[in-house]
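Engineer: Next input, structure requested:
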Amino acid sequence: MGEPETLTVSVRRILFSADDGSFTILDTLDEGSGDDVTVVGAVGHLTPGDRAEVNGTWEEHRRYGHQLRASDALPLDPTDREGQIAYLTSLRHIGQVRAETLVRLHGEGVLDAIAADPDGVFNALPGLGKRQATAAADSWNASRAVRDLHVQLAPHGLAQLAGRLHARHGAEAMRVLHEDPYSLVEVDGVGFVLADRIALSTDVPPDSARRAQAAAAFVLSEAERQGHTHLPTKELARRAAELLGAQPETEVLVSAPGLLLDGDRAYREATHGREVWCAMTLAARAAADPQIRHDVGDEPSDGLTHEQWEAVAGSFASRVSILTGGPGVGKTVCTRAIVEQAKAANARVALCAPTGRAARRLEEATGHEAETIHRMLDWMPGGEPSHHPGHPHPADLVLVDEASMLNLQICEVLLAGLADTTHLVLVGDADQLPPIGAGKPFADLIESQIAPITRLRHIFRQAARSMITTAAHAVNEGRRPELEPGPDQEHDLFFMDRADPAGAVEAVTSLVAERVPDGLGLDPVRDVQVLAPMYRTAVGIDALNEALQARLNPDGRLALNDRFRIGDRLIQTRNAHELGLMNGSICFLADDDPDDEAVVVETDDGGSIVVPYDESAPLRLGYAISVHKAQGSEIPVVVCICHRSHSRMLTRPLIYTAITRAKRTCVLVGDRAALAMAVERDDGGQRYSALPERLRA
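Structural biologist: This is a model prediction of the structure:
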């Protein structure tokens, strides 16, 4: 065992391949000996029919036996007719018949002929239209480019990144690899450590300013992903030193292109400009006289309390006002009253929310049309919104629900799309998880106190009958929730004590697959959402999705290159505005057309969207998702994992947010010690942000 070996193999089957291509198991034939050989490692770039020169070492797996662990695998062109046909069928629009035709026309030199003139060969192929010929040629060029990248990356153990690097940079990928290796951090799955390994191998000195600056830029980029708008210089230096293995000079770090220093705060230039502009704009709007002249009177109407009426009055007393509070305190009633009073004042009203689900709930609650912020502003990120300075949205009053989900970028685009005179009413729950992305404008505005703030605290009697409501408030106050109903309470909150991870997964799958449809009469695929804090634990999101798919959709037809099954619940994990799918959108796989290389997904509002294969990477199984992804939604049944294996992620805001997503029933699964620990940890929203200070100034 451990003996080095070089083999020329032909790939017969892919036995297993990780989603990120980092590990693959291949069934191959050793062309020298004729023996069957199992090859394992970062060989996901190889497909059935491929030939490759594999370097590796032999090992004995206790379950799979004798196998070759590859250190690298250089793709080779097939030389036999069957291998060439198999390779050609991997190209777009080239099936078995067309592959055989190509071999008949060009003989054993078919691959050399295509390499010399791919456009000419495919355009001359009988029965292949011009568009299909272009796609086939593009497919050929991409496959060859990925092979070349693989040759460059394999010595660094990074062969699995070849496809992703080509997908991002296309024909420029090889140049980027040699001239700007640190830009590889922009590729999914490539952090500073991997990019640094390549850079150092291309003779970048370990103590160079270029390397330190790349580390600083990466650290600040990662900090923004964690929600910070900046880092103190000492913290920047500490994090950069961990990456570099040495203590860099702070002056060198902050001299990186695109970074700047504001006092002792290090920023990316774009984020600094965004924070300063938002502060100036919000402060100016809050200080200006109200534009809508409307006196709502001192006495509440429509059964509202004096506390709620303050929120209604505040929306007309200032051009910026805030309404916040937990579940069951009457935010929806206030929102409805604000809309009615605005109409009474003959003001043009626009309602919006960060997500489509939240916008639909807002529309149902008020009876007034509501849209996503993106749709209201006609904004596709990467382009300019239709409503912007000089062409503002015509509304006199804009009300934003679920405003705690606004990050700094969305806040900037929203403010820029409104006239200076527009009244902006922000409604949300300040105690939920902070938004995804840099900044927390809603919480910062509340902290600054520059605008009228109404915090509703009174839980109405009808709402208090729900254990979900009282449990959420208990958690928010740092108290363990009552897990048994009180007098006259609905038993809509449950705790399933399952300390064993396997037992927890089984409890979740049985609950969703059997008790929900049998006991509640609900659809286990469409009406239930399982939430978990982490992905890769024994009771994490990945394991739960695998178990739930096997239980809820065992016989669905395989689709999208066997990634999913027809009928699966899916979630979109990145914004795709051109498709109409946003980050966090839930959809259901309805159809798959391999000929058109597209799938059809049904959205949770009943619409349908065609998603091309090459734009489907952000789709993931959505039976179980993160709590962050569930923000802004309301689901009939929520099953939340509260297990000790997730201890480092369990916090009070996370549990609070999870519980408040449930409309009808909430079930916590895990162990009580983990729940107690989560309730005690109130550290979910700590972020570096200078917005409150700038607003007050």
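
Engineer: Kindly list the longest strand within this protein.
Structural biologist: strand 4-17 (DSSP state E).

Engineer: Next, the residues that contact that strand from outside, please.
Structural biologist: 23-32, 37-39, 44, 46-58, 68, 76, 78, 83 (Cβ atoms under 8 Å, 6 or more residues apart in numbering). The way it works is simple: take the backbone N, C-alpha and C, and place the C-beta from them, glycine included.

Engineer: how about the helix or strand following that strand: buried residues?
Structural biologist: In the C-terminal direction, the helix or strand that comes right after strand 4-17 (DSSP states H and E) is strand 24-30. Buried residues in strand 24-30, counted by 16 or more other Cβ atoms under 10 Å: 24-26, 28-30.

Engineer: likewise stretch 383-391?
Structural biologist: Neighbour counts over stretch 383-391 (16+ other Cβ under 10 Å) mark 385, 387-388 as buried.

Engineer: Tell me where the stretch 501-650 of the chain has strands.
Structural biologist: Applying DSSP state E, counting those that start in this stretch to the stretch 501-650 of the chain gives strands spanning 528-532, 558-559, 564-565, 569-572, 586-593, 598-603, 608-612, 619-621, 624-626, 635-642.

Engineer: so how far is the fifth one off the chain centroid?
Structural biologist: Spelled out, it's strand 586-593. Offset of strand 586-593 from its chain centre (Cα atoms, centre = their mean, to the nearest Å): 19 Å.

Engineer: In this protein, where's the longest helix?
Structural biologist: The longest helix of the chain (DSSP state H) is helix 130-153.

Engineer: roughly how far is that one from the heart of the chain?
Structural biologist: For helix 130-153, the distance to the chain centre is 28 Å (Cα atoms, centre = their mean).

Engineer: Can you pull out the residues in contact with it?
Structural biologist: Contacts of helix 130-153 (Cβ under 8 Å, 6+ apart): 45, 73-75, 90-94, 114-115, 118-119, 122-123, 125, 128, 159, 161-163, 165-166, 170-171, 173-174, 177, 198.

Engineer: at 6 Å what do you get?
Structural biologist: 45, 75, 91-94, 118-119, 122-123, 159, 161-163, 165-166, 173, 177 (Cβ atoms under 6 Å, 6 or more residues apart in numbering).

Engineer: And stretch 453-465, by the same measure?
Structural biologist: 310-311, 314, 322-325, 328-330, 446, 469, 489-490.

Engineer: so which of these comes closest to residue 475?
Structural biologist: residue 469 (11.1 Å; Cβ to Cβ).

Engineer: For the helix or strand the closest one falls within, name the packing helices and strands.
Structural biologist: Assigned by DSSP H and E, residue 469 belongs to helix 467-476. Secondary-structure packing of helix 467-476 (3 or more Cβ pairs under 6 Å, 6 or more residues apart in numbering; DSSP states H and E): strand 493-497, helix 652-659.

Engineer: repeat that for 10 Å
Structural biologist: helix 461-464, strand 493-497, helix 652-659, strand 662-670, helix 672-680 (3 or more Cβ pairs under 10 Å, 6 or more residues apart in numbering; DSSP states H and E).

Engineer: pLDDT averaged over that helix - what is it?
Structural biologist: On average, the pLDDT along helix 467-476 is 94.

Engineer: This completes my enquiry, with thanks.
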